[in-house]
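A.B. asks: pasting the sequence and the predicted coordinates here, then a few questions.
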Amino acid sequence: MNTYHDKAKLLKLLAHPMRLQILDLVRRSEECVCHLSAVLDKPQPYVSQQLAILREAGLILDRKEGTNVFYGLGGKDVANTLTAVLGALFANPRTDAALGHERIAGCCCPKCTAEA
Ligand SMILES: [Zn+2]
């Protein structure tokens, strides 16, 4: 009986455009809060709050690397759920190059400031 309750809870968590966009970004590549903040054009505290909700639900995991924290997907089940909701990550083989980390001008995250 609890399964339906859990599924409904999951759908409620996903019924949020910013959280879906965050999940879509981190399924492409691990990102830190500063990068997500730059892409979403939202203040870091707001993004951190959404990340905390997603992490608590097990949808994302955090990984520390030096002084930075990178966020990635919580596992294969989460990836499958996102494929069902957002579509396959590699739906269009011709656009594969656009997937992964996307550099944002002015972003100070380690991936955007790294030497090409
Ligand atoms: Zn960045």
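C.D. replies: Noted; the coordinates are in hand. This one's a predicted model, so the numbers in the text were calculated from it and none came from an experiment.
A.B. asks: contacts only, for residue 111.
C.D. replies: By CB atoms under 8 Å, 6 or more residues apart in numbering, the residues touching residue 111 are 29, 31, 32, 35, 101, 103. For glycine as for every other residue, the C-beta is placed from the backbone atoms N, C-alpha and C.
A.B. asks: for it, phi and psi?
C.D. replies: Here is the backbone geometry of residue 111 (degrees, to the nearest 10): phi -70, psi -30.
A.B. asks: quick one: mean pLDDT over the helix or strand hosting residue 61.
C.D. replies: Using DSSP states H and E, residue 61 maps to strand 60-65. Strand 60-65 shows a mean pLDDT of 96.
A.B. asks: buried set for it?
C.D. replies: Across strand 60-65, burial judged by 16 or more other CB atoms under 10 Å covers 60, 61.
A.B. asks: stretch 99-116 too?
C.D. replies: 104, 107, 109, 110, 111, 112.
A.B. asks: do any residues in that stretch lie close to the ion?
C.D. replies: Yes - counting by CB under 5 Å from the ion, contacts between stretch 99-116 and the ion involve 107, 109, 112.
A.B. asks: in which helix or strand would I find the nearest residue to the second one once chain neighbours are set aside?
C.D. replies: So that's residue 109. Excluding the flanking residues, the one nearest residue 109 by CB to CB, 6 or more residues apart in numbering is residue 35, at 3.8 Å. Assigned by DSSP H and E, residue 35 belongs to helix 33-40.
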